[in-house]
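**Q** Generate coordinates for the sequence data below:
(chains A, B and C)
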Amino acid sequence: MSVGKSVKRVDAYEKVTGRARYTDDFLDYNPLIAKVLHSTIANGKVLSMDISEAVKIPGVVKIVTCFDVPDIRFPTAGHPWSTDPKHQDVADRKLLNTRVRLYGDDIAAVIAEDEVAAAQALRKIKVEYEEYEPILDVFRAMEPDAPLLHEEFPNNILAHSGYEEGDFEEAIKEEGLLKFEGWYETPIVQHCHIEPVISYAYMEKGRITVVASTQIPHIVRRITAQALGLPWGKVRIIKPYIGGGFGNKQDALYEPLNAYLTTQVGGRCVKLEISREETFVSTRVRHSIKFHITSYVRKDGRFVARYLKSYANQGAYTSHGHAIAAKGGAAFKQLYSAEGAVKADLYSVFTNTPAAGAMRAYGIPQITFAMESHSDDIARALNMDPIEFRRINMMKKGFYDPFSQNENYYDSLNAVIAKGKEYFKWDEKVKAYANQTGPVRKGVGMSIFWYNTAVWPTSLEASTCRMVLNQDGSIQMQMPETEIGQGADTVFSQMAAHTLGIPFENVHIVSTQDTDITPFGTGAYASRQTYIGGMVIKKTAEILKEKILSYARSINRIASADLDIEDGNIINKYSGKVLMSVGELATEALYSMQAAEHITAESTYQCKTNALSMGCCFAEVEVDIPLGKVSVLDIINVHDCGMLINPKLAEAQVHGGVSMSLGFGLSEQLIFDPKTGRPLNNNFLDYKLLTALDHPDIQTDFVEFYEPTSAYGTKALGEPPTVPPAPAIRNAVLNATGVAINEAPLNPHKCFAKFKEAGLI
Amino acid sequence: MEKVLIRFTLNGKKVTSAIDPRWSLADLLRGGEHKHTGTKKSCEVGECGACTVIINDETYNSCIYLAIWADGKSIRTIEGLTGENGELSDIQQAFVDEGAIQCGFCTPGFIMSSLPILESGREYTRDEIRKLLSGNLCRCTGYKNIIDAVEKTMKARLEKKQQL
Amino acid sequence: MFDIKDIYEAKSVKDAVSHLEAHPNAKIIAGGSDVLIKIREGKLAGCELVSIFKLDELRGVELTMQGDIKIKPLTSFSHITNDPVIKRYVGVLGEAVDQVGGPQIRNIGTIGGNICNGVTSADSASTLFAFDAEVEITGSEGTRLIPIKDFYKGPGQVDLKPAEILTAIYVRKASYEGYFGSYIKYSMRKAMDIATLGCSVNVKLTEDKKAFEDIRIAFGVAGPVPMRSPSAESAGRGKKINAELIESIGKAALEDVNPRTSWRASREFRLQLVEELTKRALKKSIELAGGAY
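**A** Model (predicted):
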């Protein structure tokens, strides 16, 4: 039984020895090197480009500009394709663009024999622009006189959606209600996977192969073909080990351009490595969102009416677009209930900043920062314990959402809070930290969260698995769902071993996805790997097992129902007697002179469910008021992600998620020159990714409630850990100082200004 | 540019390499004839530590170290830690056991940065370990399991030393 | 691969100087943690370089016969921190450079490179200012010695004429003997960062440890180049130590500094740090000197 055990990662040996090969590690020969020319204005048009000096640089092979590429607009979001045109992603960019929409837009590419020649040529290209006002702010973008980034979207509004459940105006008429309202804002941050964005492409037999660091090989294949106007079968994507993705690589980034470039040099191999500086600006970022929340609350703390307005900064291109804001809207109405009405108006607005796409937890960190800050503001005003306030209003056991048909089967939130509260000695600390004076103060804060697993019913949820039985009774397993560092290959192997009844070591998972070989599935996102992957693994393993047992019956002349597989052996279920090993059976089957059979199984599972994953964070901080500094002394996330397939890996997911949220809450923010839209800190020195020295030891805990809709009782854990820490820290600073800072990150600049405003400095 | 010959020791073996003087040490190790691709390139400006190697017992970012400077030096990379028969060294095994690996891209750099800690024969506090690992960025792990792996290996080595 | 037109590895200081004379456009590369990054950014792309990295004659720390400390410019930050002479006499300098970047940067970065960059945020600079360090510059016509405050000409500009090389930094015995110092680097994270503000203080207390015999206060990032604060120093010099005095020294420091607003920090925030860090570094220095406040 390997499910539930902390087995070691299947890729651990390769990774600690440096033998694991990532995209750049495969090139045993010298490919041509491509580099992209990025615009040096944020908003405008390329009028002309002079490449005459650039082509003279020795070593330059080819230069293509925005005037050369096919006139095809394509979408980039890593969503499953929709056959319904109304639900297809917005196609709003070309391989290279004459209409420049951000400082760093792609306007030309150089292919050269080496990187020095390519870089020299980039510097020699002369560009003539027509410049428009750089629009960096969503509210400016929506003004009638703001230039439009995309002609089809009036007022630069990509989408406006909303809901009203109950009658808001009626609900707020109740006597004695207290009204609370506030603005909250989250920053533009970047994924900062340590492996940069990289791919190489070449042609073989008239087809294009792109080897790429991506989370979504099958989707990238579709988008690459769409962008080049090719039949989809003409493109092959190979995904080796990848050095992190976090949602950035859940988009077609530079793979389409790379594919195009190889076609421009007769199919020769072209490598396109995107530098860290480019990655920050010209790939994807997390949506910065401004929220306005209005709440009407009874004196006892019960919500009667709630109204959310959110304005998501979409940046220059649609990418994942409004899906992020919409998911935030769902969290708003589901995490807390209101007795009268809940209402939302959600906008996604184009600006001349980096395109915002998917990033770990897809809009939920943003809304949770706003919602959970707001919760503490109300609790404080009502002089209530913040946990009590939440308990009155938060999602209860039995909650049912008619749209997704999600059900909350357990009292998860109370269970996780109880664990966190006990670890933190919450009540004692709240008492100890009341009434502090002096320059350095401590505080505690917490936050809860809601997250739904996978994308049903908004999008397709299906996956395919292939299992091939070897002569020795081991299997190869191929999954389209990708290992991106989270440990998917390991837990998939555990699941397969579990259901087949063979030892974990006998599952050989094929880590690389190759769209020519790997069965279809959409890849790593939406924390869907254990949930959807689990379903298709179980189904396929059951088919394979049945085939093995059926073959066993035929050679042992025993009713199949009496047989089972345990620890790699075919056994009589009742007597426990070992009849033969799976290996003996497989060898017999393959080489049988009577009934030769290669036993394999392949199946697709379409999932039409979704599961609620919940949890909380507790944080303790020390605030050095005169220096505007917040240090996190202790932090714990407690999750209900269903059953743990591999507790050690689950813990590691939480560590990483909390770490990302520490940065989101305290230090990370991509900033731009307000006049030109030029990025100011697009490198690891100036973008403050936290170091080992800035981290406390992150604590984790779980409650394990078996998720009834899931094959192995699991639900989302990849993304959720990065949701609650930032608001918990914000609330701890409020607890320590009495100062409510509503704009993340709570970096020294903001803390200093706010403490000063509050008279603490 | 015309290639120049340099001689250096790579993971204990004396080697001669013809190099382009414009190469960084990372270029030399990853490309050149060595193909030591365990040394990773990420930021290429000395800010992330993914390309960390040991040069004469000290850690360096090989992305901002000129390959010509390697002449006469003793250089160690992640490839040198694994035994001839593929045996893992104690620190590699600790990274496996403590779950200190996720995407694995920063892993070789972290392991190389931990070597001066482990080889000093000194006992460092957890905060000192944090400081000595602060030149390596990791986006996956929150550092905890990495620090655990280094601390446990350090303690095990010190204990072993005491028993001798 | 770096866009370098030519690189010459100097065999000696003399050789480096004569090569620089013959190639007036060539740039000196020491550890490279600054030059190579500028080449990659394109700012120095296509440049000619003279590498002095392998000149071991420019490495190390010595105590001269007169008791002065001679720091040779290619000494890396980590070697300065671990040097017994530095630890014994000017420990604060070792602590200051131990806050540069991260371990790998401290192994490659040199103190000479740190000050020759002419940047106000250099972690070694404010402490060298606080010790009235002198720098030795060697050119074809021999060497000259100038106070560090005169070495800094402006942001990014130092007093190095063409074909001149920094060959030593001196901290005189009279400057360090009896002084106790502390450096506080304020940055947005605890490693791999540049200073938002740096404050280096050293004090000499009277025999009874009750008053300041002397105080020196220096800042990085409080102006275009590293600087001392004469007003703060004279506000404390010769005075009896008490809490009010420390407050007033902190306030006095504001009279001399002139930080600017940039996206890295506002002037107002940096002024806050000047005052606060001055007080904190003073308190720490007083403690080290055996006094109390």
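
**Q** From residue A:461, how far off is the most centrally placed residue in chain B?
**A** The centroid of chain B falls nearest to residue B:112 when counting by C-alpha atoms, centre = their mean (2.4 Å). Using C-beta to C-beta, to the nearest Å, one obtains 42 Å as the distance from residue B:112 to residue A:461. No exception for glycine: its C-beta is placed from N, CA and C like everyone else's.

**Q** related to what we said a few turns ago, tell me what the helix or strand harbouring the residue nearest to the centre of chain B is packed against?
**A** Per DSSP states H and E, residue B:112 falls inside helix B:107-119. When contacts are defined as 3 or more C-beta pairs under 8 Å, 6 or more residues apart in numbering or on different chains; DSSP states H and E, helix B:107-119 packs onto helix A:12-17, strand B:52-55, strand B:58-61, helix B:90-97, helix B:126-132, helix B:144-163, helix C:103-108.

**Q** chain center to the longest one, what's the gap?
**A** Average the C-alpha atoms of helix B:144-163, do the same for its chain, and the two points are 17 Å apart (C-alpha atoms, centre = their mean, to the nearest Å).

**Q** is that helix anywhere near chain C?
**A** No - Helix B:144-163 lies apart from chain C when judged by C-beta under 8 Å from any C-beta of the partner chain; the minimum separation is 12.9 Å.

**Q** what pLDDT, on average, does the helix holding residue B:112 get?
**A** Helix B:107-119 shows a mean pLDDT of 98.

**Q** now that helix against helix B:90-97, angle please.
**A** 130 degrees (axes from the mean of the first three to the mean of the last three C-alpha atoms, to 10 degrees).

**Q** Only the buried residues of helix B:107-119, if you could.
**A** Within helix B:107-119, the residues that qualify as buried are B:107-118, counting by 16 or more other C-beta atoms under 10 Å in any protein chain shown.

**Q** Stretch A:515-526 now?
**A** Residues of stretch A:515-526 classed as buried: A:515, A:518-519, A:521-526 (neighbour count, 16+ other C-beta under 10 Å).

**Q** Stretch A:425-439 too?
**A** Buried residues in stretch A:425-439 (16+ other C-beta under 10 Å): A:426, A:429-430, A:433.

**Q** measure it end to end?
**A** 24 Å (C-alpha to C-alpha, to the nearest Å).

**Q** End to end on stretch B:119-128, go ahead and measure it.
**A** 15 Å.

**Q** for chain A, what helix or strand is lowest in average pLDDT?
**A** Ranking every helix and strand in chain A by mean pLDDT, DSSP states H and E puts strand A:406-407 at the bottom, with a mean of 91.

**Q** which SS class is residue C:127?
**A** Of the three states, residue C:127 takes helix according to DSSP: H, G, I helix; E, B strand; the rest coil.

**Q** My understanding was that it contacts residue C:96; is that so?
**A** Yes - contact criterion C-beta atoms under 8 Å: residue C:127 and residue C:96 qualify, at 4.5 Å.

**Q** Excluding chain neighbours, give the residue nearest to residue A:261 in space.
**A** Spatial nearest neighbour of residue A:261, excluding adjacent residues (C-beta to C-beta, 6 or more residues apart in numbering or on different chains): residue A:270 at 4.7 Å.

**Q** could you list every residue that touches that neighbour?
**A** A:31-34, A:111, A:200-202, A:258, A:261-262 (C-beta atoms under 8 Å, 6 or more residues apart in numbering or on different chains).

**Q** Around the closest residue to residue A:74 other than its chain neighbours, count how many other residues there are.
**A** Computed as C-beta to C-beta, 6+ apart, the closest residue to residue A:74 that is not its neighbour in sequence is residue A:227, at 4.1 Å. By other C-beta atoms under 10 Å in any protein chain shown, 26 other residues sit near residue A:227.
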